[in-house]
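**Student:** Quick one: sequence plus predicted model below, questions after.
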Amino acid sequence: MIDLYTFPTPNGFKASIMLEELGLPYNVHAVNITKDEQFTPEFLKISPNNKIPAIVDGEGPDGKPISVFESGAILVYLAQKTKSPLLPSDPRGFTTVMEWLFFQMASVGPMFGQMNHFGRFAPEKIPYGINRYTNESKRILGVMDKRLGENAYLAGSAYSIADIACYGWVRSAETYLQSIDTWSNVKRWADELGARPAVQKGMKVPQLNKG
């Protein structure tokens with residue numbers, strides 16, 4: 001059994017969607033980051049960077065429990081644990097998926113997150129910050145749109161952990177920008193992923209357990 005520690009954020013959704021896609025049994029533990037529960041000593045033993053999501057797999061690679069933090073690492077760990085085609089085993093396919101996973105970790109998440117912070121949550125409205133991160137987020141959406149105009153999914157013809165990683169963040173950008181219709185290929189992709197039963201269920205898991 002896997003224990004999932006999470007909250008309804010774009011990163012939190014990655015882990016629950018992945019677990020649903022794989023059909024793995026898991027227990028959900030809400031870590032309410034609005035109440036600073038991510039700083040408790042118990043959680044820090046699992047996630048030393050005090051971030052959600054994190055998992056504890058009671059049956060790790062050596063048969064012993066293992067904890068995994070960082071959402072990208074969780075996706076890779078679960079894919080390799082189950083030998084899932086969501087992370088190809090051939091070197092070329094593996095490399096392409098990892099490129100787009102790292103694209104999410106290095107660009108999509110940080111830029112979209114800062115766009116939301118400066119545009120919605122910062123106590124002081126700073127035009128430079130708002131414009132900087134909004135424009136960069138739109139540029140990134142353009143990169144994705146070009147890629148998805150040439151391929152069904154980010155890593156090519158097959159759905160992968162790269163798509164799972166980006167989905168929640170694109171939905172957050174859609175909420176902030178009010179529409180992603182300008183990026184028609186991204187919109188097509190997001191709507192297709194959003195119709196997947198595992199994605200629909202995974203997007204509800206943290207919300208139903210946020211406390």
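**Tutor:** All right, it came through fine. Residues are numbered from 1 along each chain as shown.

**Student:** was I right about Gln200 contacting Gly194?
**Tutor:** Yes: Gln200 is within contact range of Gly194, at 7.1 Å (criterion: Cβ atoms under 8 Å). Every residue, glycine included, has its C-beta placed from N, CA and C.

**Student:** residues bridging contact with these two, i.e. touching both?
**Tutor:** Here Gln200 and Gly194 share no contacting residue, scored by Cβ atoms under 8 Å, 6 or more residues apart in numbering.

**Student:** can you pull the contacts of Ser47?
**Tutor:** Ser47 neighbours (Cβ under 8 Å, 6+ apart): 5, 38, 54, 67, 69.

**Student:** Would you point out the most distant pair within these?
**Tutor:** Within the contacts of Ser47, Gln38 and Ser67 form the most distant pair, 14.3 Å apart (Cβ to Cβ).

**Student:** between those two, which one's more packed in?
**Tutor:** Gln38 (19 against 15; other Cβ atoms under 10 Å).

**Student:** one step back: which one of the contacts of Ser47 is nearest Leu177?
**Tutor:** Closest to Leu177, out of all of the contacts of Ser47 and judged by Cβ to Cβ, is Gln38, at 27.6 Å.

**Student:** Pull the number of nearby residues for the closest residue in space to the closest one that isn't next to it in sequence.
**Tutor:** Using Cβ to Cβ, 6 or more residues apart in numbering and skipping residues adjacent in sequence, the residue nearest Gln38 is Asn50, 4.6 Å away. Each residue near Asn50 was counted by other Cβ under 10 Å, and the total is 16.

**Student:** Correct me if wrong, but Asn50 is in a helix.
**Tutor:** No: Asn50: not assigned to a helix; according to DSSP: H, G, I helix; E, B strand; the rest coil it is coil.

**Student:** Relative to Asp36, how far out is it?
**Tutor:** 9 Å (Cβ to Cβ, to the nearest Å).

**Student:** Grab the longest helix from this structure for me.
**Tutor:** helix 127-150 (DSSP state H).

**Student:** Buried residues, that helix. List them.
**Tutor:** 129-130, 133-134, 136-138, 140-141, 144-145, 147-148 (16 or more other Cβ atoms under 10 Å).

**Student:** Helices of this structure, residue ranges please.
**Tutor:** According to DSSP H, the helices that the chain contains are 10-22, 41-46, 71-82, 91-103, 109-116, 127-150, 161-177, 184-194, 197-208.

**Student:** Of all these, which one is nearest Gly63?
**Tutor:** helix 71-82 (12.3 Å).

**Student:** same for the closest one, what does it pack against?
**Tutor:** Contacts defined by 3 or more Cβ pairs under 8 Å, 6 or more residues apart in numbering; DSSP states H and E place helix 71-82 against helix 10-22, strand 54-57, helix 91-103, helix 161-177.

**Student:** In a markdown table, list these along with distance to Asn116, mean pLDDT and mean neighbour count.
**Tutor:** Formatted as a markdown table, those follow (distance: least, Cβ to Cβ, whole Å; pLDDT from 0 to 100; neighbours: other Cβ atoms under 10 Å):
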| stretch | distance to Asn116 | mean pLDDT | mean neighbour count |
| --- | --- | --- | --- |
| helix 10-22 | 9 | 98 | 24 |
| strand 54-57 | 22 | 98 | 23 |
| helix 91-103 | 19 | 98 | 16 |
| helix 161-177 | 5 | 97 | 23 |
